[in-house]
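*Asks:* Sequence plus predicted model, see below.
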Amino acid sequence: GKYTLLDPTEALHDDSGRVIAERDRESIRMPPSLTLSKIRSLKQQALFACVKAKIEVSTCALACIYFERICLDCRVDKSNRRLSFAACLLIAAKINEANSMLAISDGIKENKSD
């Protein structure tokens, strides 16, 4: 389908001049300062950082989903995109990495006792 990016500050009006909540399902409300190329670049930088820090790729993917959801909620713009993605990555790591860290710490304890 074809999607149209709309400025969230602009109110949508119908033919009679009434303000409507949604024009159609194919409209995406995004801040004009946050472009698709900036979002792709941020995701690429995050993936490289996650691989370098030995964080699971699934954690980075979960952070991307969280980030996209807050972008579509118009809470992210050009000035706070990196901070917002870092917060999403932190939340994703707390949810997704908890079990793997327990397994690693159990393995370290077993090796020390041997």
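*Replies:* Done, it's in.

*Asks:* now the helices: where do they sit in this protein?
*Replies:* For the chain, the helices defined by DSSP state H cover 36-52, 57-72, 81-96, 98-113.

*Asks:* Select, out of those helices, the one closest to residue 29.
*Replies:* When those are ranked by proximity to residue 29, the top entry is helix 57-72, at 7.2 Å, counting by Cβ to Cβ. (Each C-beta comes from the backbone N, C-alpha and C, glycine too.)

*Asks:* so what secondary structure elements neighbour that closest one?
*Replies:* When contacts are defined as 3 or more Cβ pairs under 8 Å, 6 or more residues apart in numbering; DSSP states H and E, helix 57-72 packs onto helix 36-52, helix 81-96.

*Asks:* Could you list every helix and strand in contact with the shortest one?
*Replies:* Counting contacts by 3+ Cβ pairs under 8 Å, 6+ apart, helix 81-96 packs against helix 36-52, helix 57-72.

*Asks:* what's that helix in contact with?
*Replies:* 34, 38-39, 42, 46, 50, 55-56, 58-60, 62-64, 66-67, 70, 75-76 (Cβ atoms under 8 Å, 6 or more residues apart in numbering).

*Asks:* Give me the pLDDT for residue 40.
*Replies:* pLDDT for residue 40: 92.

*Asks:* on that earlier part again, in PyMOL, how would I select the buried members of the contacts of helix 81-96?
*Replies:* To isolate in PyMOL the members of the contacts of helix 81-96 that are buried, counting by 16 or more other Cβ atoms under 10 Å, one can use:
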select buried, resi 34+39+42+46+50+55+59+60+62+63+64+66+67+76
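
*Asks:* This completes my enquiry, with thanks.
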